[in-house]
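Colleague: Build me a model from this:
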Amino acid sequence: MKFLIIALALCSIIACKKEAASTITLNERIDTTATIVVLKDSGSFISGPFGSTMGYAKIYQTGNTYQLALENFSVSNGPDLKVYLSKEIQPINFIKLASLKSTNGYQLYNIPSSIVIKDYPYALIHCEQYNHLFGYAQLR
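Modeller: Residues are numbered from 1 along each chain as shown. Below you'll find the model as predicted:
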C-alpha cells in the first residue's frame with residue numbers, strides 16, 4: 001500500500017514536468033506606434049517549487065485596454081500551463097488570462113476590462129491540472 005501511495009505521488013509530481021507547452025520562441029510585443037502606451041506595473045519572475053522561470057511580467061495600458069506582457073521570458077515545460085493574475089502568490093483568488101502560448105520569448109495576454117489591476121499584484125505561471133506553481137512575478 002505504501003508503494004502505491006508513493007508511486008502515485010511521484011507520478012503527480014513528474015507529470016507536470018513532461019513536455020506539453022509550445023517551445024516556439026514568440027515575439028509578440030506592444031505596438032507603441034499606434035497610440036499612447038503606458039507601463040503600469042512590472043516585476044521579475046521568480047521560480048516556483050515546480051519549475052524554473054525567468055524574465056519579466058509587465059502590465060501595459062493602451063487607452064482603456066490592459067495587457068500582460070511576458071518579456072524575455074522562459075519557463076520549464078509542463079502540461080496545462082496557464083497565465084494568471086492573482087491576489088496572492090498561490091492561486092487562490094485569481095483570474096485566468098489564458099493558456100501559456102510558449103515556454104519562451106515575448107508574449108501578450110489581454111486582461112478583461114472588468115479587472116481592477118491593483119487588486120491583482122501577481123502574475124503566475126501555473127500548471128492547472130496538477131495545481132503546481134511554476135513561477136510568479138510581483139507587479140509593482
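
Colleague: Specify the local secondary structure of the residue nearest to Ala123 when sequence neighbours are not counted.
Modeller: Excluding the flanking residues, the one nearest Ala123 by C-beta to C-beta, 6 or more residues apart in numbering is Ala57, at 3.7 Å. Backbone N, C-alpha and C define where each C-beta goes, glycine included. Here Ala57 is strand, with the state taken from DSSP: H, G, I helix; E, B strand; the rest coil.

Colleague: Please name the bridge partners of Ala57.
Modeller: Gly43, Leu70 (DSSP bridges).

Colleague: For it, give its distance to Tyr130.
Modeller: 22 Å (C-beta to C-beta, to the nearest Å).

Colleague: Pro79 too?
Modeller: Pro79 is 8 Å from Tyr130, by C-beta to C-beta.

Colleague: sorry, back to before: so if I had to pick from Ala57 and Tyr130, which one is more boxed in?
Modeller: Taking neighbours as other C-beta atoms under 10 Å, Ala57 and Tyr130 compare with Ala57 leading, 27 against 17.

Colleague: I'd assumed Arg140 was in contact with that one.
Modeller: No: at 10.6 Å, Ala57 does not count as touching Arg140 under the criterion of C-beta atoms under 8 Å.

Colleague: Common neighbours of these two, please.
Modeller: 42-43 (C-beta atoms under 8 Å, 6 or more residues apart in numbering).

Colleague: How about Gly55: what's its closest non-neighbour residue?
Modeller: Leaving aside its sequence neighbours, Gly55 sits nearest to Phe73 (C-beta to C-beta, 6+ apart; 3.5 Å).
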